[in-house]
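In: Model the following, please.
(2 chains)
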Amino acid sequence: MASRSGIEERVSGSLREAVREAYGVELNGVHVERPNESTHGDFATNVALANAKVFKRNPREVAHNIASALKAPFIENVEVAGPGFINFRISSAALVEEVGALLAAGDRYGKREPAGAPILLEYVSVNPTGPMTVAHGRHAAYGDSLARIMEAAGRRVSREYYFNDGGNQIRLLGESVAARYAELFDREWPVSDSEALYRGEYIREIAEDLKKRDGDRRLKESPREAMPEIMAFATAWCMGDIERTLARARVTFDNYFNEKSLYDSGGIERLIEDLWESGYVYENEGALWLASSKLGDDKDRVLVKNDGSYTYMAPDLAYHQDKWNRGYGTAVNVLGADHAGYPPRIRAGLVALGLPEDFLDVELVRLVKLVRGGEQVKVSKRAGNFVTFDELLDEVGEDAARYFYVRSSHRTEMNFDLAVAVQQSDENPVYYVQYAHARIASIFRRAELRPEDVTDVPPGDFAPEERALLLELFDFPRVVEGAAARREVHPLPTYLETLATRFHRFYTVHQVLVEDEELRQRRLALCAATKNVLRIGLSLLGVEAPERM
RNA sequence: GCGCUCGUAGCUCAGUUGGAUAGAGCGUCUGACUACGAAUCAGAAGGUCGCAGGUUCGAGUCCUGCCGAGCGCGCCA
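Out: Residues are numbered from 1 along each chain as shown, chains lettered A, B, ... in the order given. Prediction:
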């Protein structure tokens, strides 16, 4: 496909040919990079340095031999520099050809057709006990963007949300709501532990909505009778709230998987049976243990407690077994960094079940440290003083929030200063990128053209600012592939900001709408290509590409 | 104590899996709108890449040891 042949791959390919020509050796990969220093050319390779030992010659000599064997019409100005780098420029004709290919690819530029084993990407997966917090927002932004990037890079991705609307947490939620509900009628509700109750404002909202629906009916029942209905009401309320927030943040899922279905389908019993057959479980002190320490974990883990109930391990293992049975080749879980102990033990269980060790892949997202005016904000759902994801979206907007979240690596802790985010929202880098897009849109409005109408690129030479912009555009497919392969989102914002910088500089130095017909056409092609890549890149982050702002 | 992850400009962060003189944004300072959008551009200042060794032609990147931070180490999830 033209959209992914990529100049870099062509360069790398012709270098391999040159090496074969000069030394009769077939290298399986040649590292090509874009030098920081523009005087070092458009591309550079260290192939001579890396292989000097193999050829038993000094690097500069090797470089000269490879350089003189290099025959590619799209490469010019080959030179050997420094300790043995080979630098070269791309011919203008090749650049013209590449822009044409980029424009022809349109929406598909930088993307690959789906191929390979399907991947299940699980993220967010918060239980319906309250609104999404700012920390969940980071998971949502990262997970959704990662899914988009992996899809663009040709991975078959299904997005899944795993949740549990039963269990202790939910009972606590139910009691918290019931207590508030009773208060609305000046009554008291018997609770097991009043200290443990959730205290957020949303508890009162749920109670009031319950009152609207049921009046005082639940108070006429015994708490034992009423509780299941109150719990169901409260979890449905919370789930609805979470779904609304996700939709607003443009975060989507292909499937919501309820833990309860594993009990209903007998999946957990089957899991225990399978584990018995594996020989990796044993009984001790009335509990059933998984011998996970034999499979890479620090210690053995309990699967069934001595009171007969399951630990979280059992349904979790059954869930991942289910993923495998559904035909996925890889399961990627996005988890909080406080679950760092989770992967080894789950992996141990999966290996016991006969699944490949690399089936489960976990991405740990570091905590979002909330700061407001330099002072740290404690996030505690029970204390009720948390800042919700919704509130954040209100304050800084969907675009800025999503962009800010994924701008830094998910692997590092992030300081989210709310005061700064609000105050400086006009100077958030997302506007810098969006502005480049809007600027280009404005040029086309003035030219009374649509970017899609630009298809012909007249041949000719390019100014330095134009070359720099073009080479940046052609880097996009590699950035997308690299981000997908490493499961990182933050390379995209970095790339987009660089691209925007290249464009703004080009724009400042060169007039697009000039008299000269060919020059004008060539520059419009650059604008259309840039607009295309900006739009695609922003869409991978779930951020709008505005025509005006 | 053991294990995992992380220490890069005043602040927030990049750094193309080992390459040439470590880069952006914010903040500070100086300039540029009678040509397509100044939410922009040009320039300046700002660094012992936590510290110390090691590996090699070459280390922010890989290895070891310290220092510092966060998180794990439940018959909680």
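
In: hey, let's count contacts and neighbours off CA atoms from now on
Out: Noted.

In: Only the buried residues of stretch A:487-497, if you could.
Out: Residues of stretch A:487-497 classed as buried by neighbour count (16 or more other C-alpha atoms under 10 Å): A:487, A:488, A:489, A:490, A:491, A:492, A:493, A:495, A:496, A:497.

In: One more: stretch A:536-546?
Out: Buried residues in stretch A:536-546 (16+ other C-alpha under 10 Å): A:536, A:537, A:538, A:540, A:541, A:542, A:543, A:544, A:545.

In: Check which helices and strands the helix or strand harbouring the third one sits against.
Out: Using DSSP states H and E, residue A:538 sits within helix A:517-540. The helices and strands touching helix A:517-540, judged by 3 or more C-alpha pairs under 8 Å, 6 or more residues apart in numbering; DSSP states H and E, are helix A:92-105, helix A:134-152, helix A:429-447, helix A:464-473, helix A:491-509.

In: Setting aside sequence neighbours, what's the nearest residue to residue A:287?
Out: Spatial nearest neighbour of residue A:287, chain neighbours left out: residue A:306 (4.4 Å); criterion: C-alpha to C-alpha, 6 or more residues apart in numbering.

In: mind listing what the one you found touches?
Out: Residue A:306 sits next to A:285, A:286, A:287, A:288 when contact means C-alpha atoms under 8 Å, 6 or more residues apart in numbering.

In: Report how many residues lie close to the third one.
Out: Using other C-alpha atoms under 10 Å as the criterion, residue A:287 is surrounded by 18 other residues.

In: Likewise for the first one?
Out: If you count neighbours by other C-alpha under 10 Å, residue A:285 ends up with 8.

In: Leaving out the residues flanking it, which one is nearest to it?
Out: Per C-alpha to C-alpha, 6+ apart, closest to residue A:285 is residue A:306, 7.2 Å.

In: Report pLDDT for the one you found.
Out: Note on residue A:306: pLDDT of 91.

In: next one: residue A:377
Out: 68.

In: Kindly report the same for residue A:466.
Out: On pLDDT, residue A:466 comes in at 93.

In: Residue A:189 too?
Out: 93.

In: So which bits of the stretch 301-450 of chain A are right by RNA strand B?
Out: Residues of the stretch 301-450 of chain A lying near RNA strand B by C-alpha under 7 Å from any atom of the strand: A:301-302, A:305-307, A:310-313, A:337-342, A:367, A:407-416, A:426-429, A:431-432, A:435, A:438-439, A:441-443, A:446.

In: again, 6 Å this time
Out: Within the stretch 301-450 of chain A, the positions adjacent to RNA strand B are A:301-302, A:305-306, A:311-312, A:337-341, A:407-409, A:411-415, A:426-427, A:429, A:431-432, A:435, A:438-439, A:442-443, A:446 by C-alpha under 6 Å from any atom of the strand.

In: Just the buried residues of those.
Out: Buried members of those, scored by 16+ other C-alpha under 10 Å, are A:301-302, A:337, A:407-409, A:414, A:429, A:431-432, A:435, A:438-439, A:443.

In: any chance of those residues in a markdown table, plus distance to residue A:462?
Out: Shown next, in a markdown table, are those (distance: C-alpha to C-alpha, whole Å):
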| residue | distance to residue A:462 |
| --- | --- |
| A:301 | 65 |
| A:302 | 67 |
| A:337 | 48 |
| A:407 | 32 |
| A:408 | 34 |
| A:409 | 35 |
| A:414 | 41 |
| A:429 | 28 |
| A:431 | 28 |
| A:432 | 25 |
| A:435 | 24 |
| A:438 | 24 |
| A:439 | 21 |
| A:443 | 20 |
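
In: any idea which of those is closest to residue A:42?
Out: Closest approach between these and residue A:42, by C-alpha to C-alpha: residue A:432, at 25.6 Å.

In: list the contacts for that closest one?
Out: A:497, A:500.

In: before we move on, what about residue A:235?
Out: By C-alpha under 8 Å, 6+ apart, the residues touching residue A:235 are A:128, A:129, A:165, A:170.

In: ok, now residue A:468?
Out: residue A:502.

In: Can you tell me how far it is from residue A:93?
Out: Residue A:468 sits at a distance of 15 Å from residue A:93 (criterion: C-alpha to C-alpha, to the nearest Å).

In: And for residue A:263?
Out: Noted for residue A:263: a distance of 64 Å to residue A:93, by C-alpha to C-alpha.

In: Do I have it right that residue A:104 meets residue A:456?
Out: No: using C-alpha atoms under 8 Å, residue A:104 makes no contact with residue A:456, being 9.7 Å away.

In: related to what we said a few turns ago, any residue of the helix holding residue A:538 up close to RNA strand B?
Out: No: counting by C-alpha under 6 Å from any atom of the strand, RNA strand B has no neighbours in helix A:517-540; the shortest distance is 8.7 Å.
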